[in-house]
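In: Need a 3D model of the following:
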Amino acid sequence: MRHRIILLFFLTLAALAGQAHANPLQFGWMVPPMWSGTDWNLQLSLANSSGANVAGPFVVRVYLPGHVEFRGNNAGQWTCSTQPGNAQQVNCSWPGTLTPANWSAPHLGVYARTSPAIPPTTHTLRATVETPTVPAPDPALCTGTPSSSGCLVAQIQAQASRLDLTDWGYTSDMVTAPGPVAEVLQPFEAGVERRVLVGFQPSGYGVGNIPMTARFHLPAGLTFQGLSNGIPTFTCRSQPDGGGQLVTCSTPYVVQPGFVNIRVLAVANIDIPGPLYIHARLENDSQQVSLAECIADPVGMGCGRLAVHTRLPRAPRLELGTPGVLPAEFRRGQQGHLDLPYRNAGDGMASASRLVLQLPPGVSWNRTTAVSMTCMASGDPAIVGQVVGCAGPAVLENLQLAPHFVLDVLYNAADTLPVLIGVDMGEGSDQSLLDDCAADPLQAHCALLEVPVAWRCADPFGADGIHCDGFELPPTL
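Out: The predicted model follows:
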């Protein structure tokens, strides 16, 4: 009895092998990776390997795994359909004939869609082919591709698709770290426009998962100003969102990876020093996530959070340095020199600079060198003195300029020359700056110099003072 069972087993195997060998059709496919919630397209091929005619119609049946539904087929000569209520069994038919000269059937593409809920496990895919003269194998003897048994089978590992926020502009030196949670490197300055960039990476999702949308939830104090740029191309719009704004940027394209970069303005009355938080969420037709979910878990799928520190507006502040007087005592009838350095001690660029001198009677401005300045002098130097106003260049923060003033000392100069100096960015008039410095010359942008004038016997006599010599003493006052 045992020998009969063994003999029957081998006879059955031989019959199946003979059946598989006798099938004249070469059946194959290309099975792509399977991701959740996206398009999945199966490509099948069919050829006549017998050397004789094989008449149609040819019927291919594709048995899709659960959570995978048929959506259509390529626009060739095949016609595909499913039975109502069963989107997993796809029946495709081609009415042609395969001959030795026309041995290959038209390409067949079966288009399907995976459910976002498909389990990330192994799934079985099967397909059969038959004609009126070449029936489907019974029982089925399914093999991998290519198959000459009339049945194909494959095990597919489904993977979960994701659309992740990868960074907030880390590679552009905008934030402290990569990843979905970061903080800005430089505080947002009140009244200044900044950029907010989100990088993203889709895994599994493709062209069938459009539009892709990036949503920015801006807190109060930050207002949307427009789209800066992005890859792929985005369009953005904003709407009120509680006390802040919701900015929605969408694209009909899919790239891996990509980014979207928007412009935001820190309003003048923004909370200082912060931090304020910008929440972002990424969505498509299969992946949706709520703001509440992203706030609760900012590193969750499709979520991100950016901490924004804030500061007062940067402001320039021009201050005078220590003046230089050469010679230490001016002499009548000769030239005196003033070095009047000034610097920007603030944390913002001064768009312009202005230096104003109030010269007393007895001294006259000659020229200004060392710094490119445009100077004008007004007033009679012999009677009322001169006001010298000089328009200077912009001054970067921490930069110092040192203009050099050449003065002519007149013979009627007093023994001490009070020189009032002020520096600013050119707001108001020269006289308003001098009035400010006269009221308090100890301010950082002001100075009052008392320049001594050396007495010489010949000074009161001008060119006629030749009778004086170096042994004469100055008169006793």
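
In: can you give me the strands for the stretch 151-300 of the chain?
Out: For the stretch 151-300 of the chain, strands defined by DSSP state E, counting those that start in this stretch occupy the ranges 151-159, 162-167, 181-183, 188-189, 193-203, 212-218, 222-231, 235-241, 244-251, 258-266, 276-283.

In: could you dump those to TSV with distance to Trp94, mean neighbour count and mean pLDDT?
Out: The way it works is simple: take the backbone N, C-alpha and C, and place the C-beta from them, glycine included. Shown next, in TSV, are these (distance: least, C-beta to C-beta, whole Å; neighbours: other C-beta atoms under 10 Å; pLDDT from 0 to 100):
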stretch	distance to Trp94	mean neighbour count	mean pLDDT
strand 151-159	17	17	97
strand 162-167	38	21	96
strand 181-183	54	18	96
strand 188-189	64	21	96
strand 193-203	35	19	96
strand 212-218	37	23	97
strand 222-231	42	17	97
strand 235-241	43	13	96
strand 244-251	38	20	97
strand 258-266	40	22	97
strand 276-283	40	22	97
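
In: Quick check: which of these is nearest to Val423?
Out: Ranking the strands of the stretch 151-300 of the chain by distance to Val423, with C-beta to C-beta as the measure, places strand 188-189 first at 24.6 Å.

In: Centre of the chain to that closest one, how far?
Out: Computed by C-alpha atoms, centre = their mean, to the nearest Å, the chain-centroid distance of strand 188-189 equals 16 Å.

In: if I look at Leu218, how far off is Arg194?
Out: 12 Å (C-beta to C-beta, to the nearest Å).

In: Could I get the strands of the stretch 151-300 of the chain in a markdown table, plus columns for distance to Ser36?
Out: What follows is the strands of the stretch 151-300 of the chain, written out as a markdown table (distance: least, C-beta to C-beta, whole Å):
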| stretch | distance to Ser36 |
| --- | --- |
| strand 151-159 | 6 |
| strand 162-167 | 9 |
| strand 181-183 | 25 |
| strand 188-189 | 38 |
| strand 193-203 | 10 |
| strand 212-218 | 16 |
| strand 222-231 | 25 |
| strand 235-241 | 28 |
| strand 244-251 | 21 |
| strand 258-266 | 20 |
| strand 276-283 | 15 |
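
In: Leu442 is nearest to which of the ones you listed?
Out: Across the strands of the stretch 151-300 of the chain, closest to Leu442 is strand 188-189 (C-beta to C-beta), at 30.7 Å.

In: who's in contact with that closest one?
Out: Contact partners of strand 188-189, identified using C-beta atoms under 8 Å, 6 or more residues apart in numbering, comprise 194, 222, 266, 270, 274, 308-314.

In: Tell me which two in those residues are the farthest apart.
Out: Distance extremes for these: the farthest pair is Leu222 and Arg314 at 17.8 Å, using C-beta to C-beta.

In: Nearest spatial neighbour of the residue positioned nearest the centre of the chain, chain-adjacent residues omitted?
Out: By C-alpha atoms, centre = their mean, the chain has its centre lying nearest to Leu197, at 3.5 Å. Once flanking residues are discounted, Leu197 sits nearest to Gly169: 3.7 Å by C-beta to C-beta, 6 or more residues apart in numbering.
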